[in-house]
Structure formats: structure tokens, C-alpha cells
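1. coords below, sequence missing:
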């Protein structure tokens, strides 16, 4: 046999819950469309930022890979140092431009004599 | 020859609107929201207890729906899909809070009876039911809300909760027993 308390319970549970089934919120749809538009803009910004970051990373990679190797840099440095030494030697002689013009025709020993001569 | 546009059933109309939403039609989104938000907020308020939180979560459900619009396949009813997203958000909300929503509920009774005494009893009962439901374990609460409040079939509830139908039936049976126990002052011991 049906227990009247049981029946009441079922009926009142259903009645109570069904009263809260729908809760219409005024202006909800408008607020939501606003939120969706903001979300759409935010995602566009994020997408373009990602593209820009990826492009920048590619550019850096290209520049890095096309730069001279360490060995090449070393060679260039040694060449420069060697060039500098010859320039210093010419400076020591006092008339680097003249000497460099004459140097093919002048003996090393005569240069030394000129340098060691008293009063030079 | 006059041709009246046939009235589409809700599901078909939802599919049509979702296709438009996927193309970025905000008016279609507004219509979908208008159609579904009240029941979604009702379900969420039953779950979390607070109308403000229910509104926030419902907003998030529709934002997620909008993001997924282009990938959405109409394999299930849109209302089922919405409650499925809502249920997952509720689970996240509980995890985030680190506790279940068992605090006092904001509940405003809507007495439909002209008698004040009867209206008071309705309000008392509603409050008692809401408090009792808030004390149920989460899966029992979700199951009883979906079957009694939203009047969904067991199969749909199982789909929403991602569990077998047998689990849903068990949770609903346990929820009813627990509610009767919690409301024994109103219904006596059976």
C-alpha cells in the first residue's frame, strides 16, 4: 500500500524543484553577446601576437644562421691583427708612406743603418 | 501560391541557429541564449546555490558554446550539450573552491496560492528541500536535479555525467533516501 508520506514527499520534491527549473535573467542575452564580442577580440589579438612572435623567432633564426662562423671570425681577427702590426712597424720608421713606396728597392740592412746613424 | 514556412521543432531550430552562430551571427546567438538560458541558470542555481554564481557559470557555458560552434556536431540535443558543459564547469568550480556548495541558498519562493498560510508552507518546504539537496553528495545532487527538476531521461543524464545508466539510477535512489532522511521533520519516519 502507498505510504501517504512517501507520496507527499515525491510530489512536493517535484513541485519544489520544478519551481526553480527556469530562472529567466533580464538582460542576460545582451550581456552575453557583449562578453562574446570581447572574447572574440581578445582571441584575435592573441592569434596575431602568436603570429608576430613566430615571425620574429624566424627572423632571429635566419640572421643567426647566416652570420659568419666562429672560425671565420677568428681568421678575420688574425688578419686584422697582422695588418695592425705592419702599420705599427711603418709608424716606427717615421715615414710610412714613403718607405712603403721605397721598400721593394731598399735592402733591409741599409734601412737599419739609416735608423742607427747618429743624429737620426 | 502562399507558402508558410513550416515551424521547425526546437532541435532543428537549434541546429540551424548553431550553424549561424558558427558563421559569427550574433543575433542567432542571442536567440539561442534567449531560448536556453533560463533552464540553464535554474539547473546551475540548484547545483551551486547562488544565483550570482549560477549566472556567471551560465555566461561561461555560452562563451564556450560560441567558441566550439564551428566544431559542434549535432549528435546530441543542444540542451544536453549545454548541461554537459555546465556540469563540467560545476565540477571545476567545486575543485577551485575546494569544498562543496553546502552553504545557505539564496532562494525566493514564488507562491502561486492565494492563501498566506499555504504560501508560507510552500516557502518553508522549498527552503527545506533546497537545504537538503545542498547536503547531498555532488553526483547524487546532479542526478536528482536533472531527473526531477529538468525532467531528463536516465539515458540523457548518463550522457551528461559520462557514466553508465545504472550509476545514475543508483544515485537517484540514494538521493531520494537521503532527502527523506534529511526531511523527516516534514514527512515523518517511514
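-> Looks like it arrived, so ask away. Because the structure is a prediction, the values reported are computed rather than measured.

2. can we go C-alpha only for contacts and neighbour counts from here?
-> Fine.

3. quick one, helices of the chain?
-> This is for chain A. A:4-19, A:28-66, A:70-93, A:96-102, A:108-116 (DSSP state H).

4. sorry, should have said chain B
-> Residue ranges of the helices in chain B, as given by DSSP H, are B:10-22, B:26-48, B:51-67, B:78-97, B:116-134, B:138-144, B:154-161, B:165-182, B:184-187.

5. relative orientation of the third one and helix B:78-97 in degrees?
-> Okay, so that is helix B:51-67. 120 degrees (axes from the mean of the first three to the mean of the last three Cα atoms, to 10 degrees).

6. helix B:51-67 vs chain A: in contact?
-> Yes: judged by Cα under 8 Å from any Cα of the partner chain, helix B:51-67 and chain A are in contact via B:59, B:62-63, B:66.

7. mind giving me the domain ranges of chain B?
-> Using automatic domain parsing, the domain parsing of chain B gives B:9-100, B:113-190.

8. please tabulate those in JSON lines, including the columns mean neighbour count.
-> Converted to JSON lines, the domains of chain B look like this (neighbours: other Cα atoms under 10 Å in any protein chain shown):
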{"stretch": "domain B:9-100", "mean neighbour count": "18"}
{"stretch": "domain B:113-190", "mean neighbour count": "17"}
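
9. let's have those domains in CSV, adding mean pLDDT.
-> Shown next, in CSV, are the domains of chain B (pLDDT from 0 to 100):
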stretch, mean pLDDT
domain B:9-100, 89
domain B:113-190, 88
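
10. what's next to stretch A:33-47, contact-wise?
-> Residues from elsewhere that reach stretch A:33-47 (Cα atoms under 8 Å, 6 or more residues apart in numbering or on different chains): B:26, B:29-30, B:63, B:66.

11. now do stretch B:16-34
-> Residues from elsewhere that reach stretch B:16-34 (Cα under 8 Å, 6+ apart): A:29-30, A:32-33, B:14, B:62, B:66, B:69-70.

12. out of the helices of chain A, deepest packed?
-> Across the helices of chain A, averaging neighbours per residue (mean count of other Cα atoms under 10 Å in any protein chain shown) puts helix A:4-19 on top, at a mean of 16.

13. which strands and helices lie in contact with it?
-> Helices and strands touching helix A:4-19, by 3 or more Cα pairs under 8 Å, 6 or more residues apart in numbering or on different chains; DSSP states H and E, are helix B:116-134, helix B:184-187.

14. now do it against helix B:26-48, angle only.
-> Relative orientation of helix A:4-19 versus helix B:26-48 (the same axes, to 10 degrees): 150 degrees.

15. rewinding a little: residue A:57: which of the helices of chain B is closest?
-> Proximity to residue A:57 (Cα to Cα) singles out helix B:51-67 among the helices of chain B, at 28.5 Å.

16. who are the neighbours in contact with the most centrally placed residue in chain B?
-> The residue lying closest to the centre of chain B (Cα atoms, centre = their mean) is residue B:43, at 2.3 Å. Residue B:43 makes contacts with A:20-22, B:145-146, B:149-150, as judged by Cα under 8 Å, 6+ apart.

17. that older thread, now the helices of chain B in JSON lines, with distance to residue A:57?
-> Below are the helices of chain B laid out as JSON lines (distance: least, Cα to Cα, whole Å):
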{"stretch": "helix B:10-22", "distance to residue A:57": "33"}
{"stretch": "helix B:26-48", "distance to residue A:57": "36"}
{"stretch": "helix B:51-67", "distance to residue A:57": "29"}
{"stretch": "helix B:78-97", "distance to residue A:57": "36"}
{"stretch": "helix B:116-134", "distance to residue A:57": "53"}
{"stretch": "helix B:138-144", "distance to residue A:57": "48"}
{"stretch": "helix B:154-161", "distance to residue A:57": "43"}
{"stretch": "helix B:165-182", "distance to residue A:57": "52"}
{"stretch": "helix B:184-187", "distance to residue A:57": "68"}
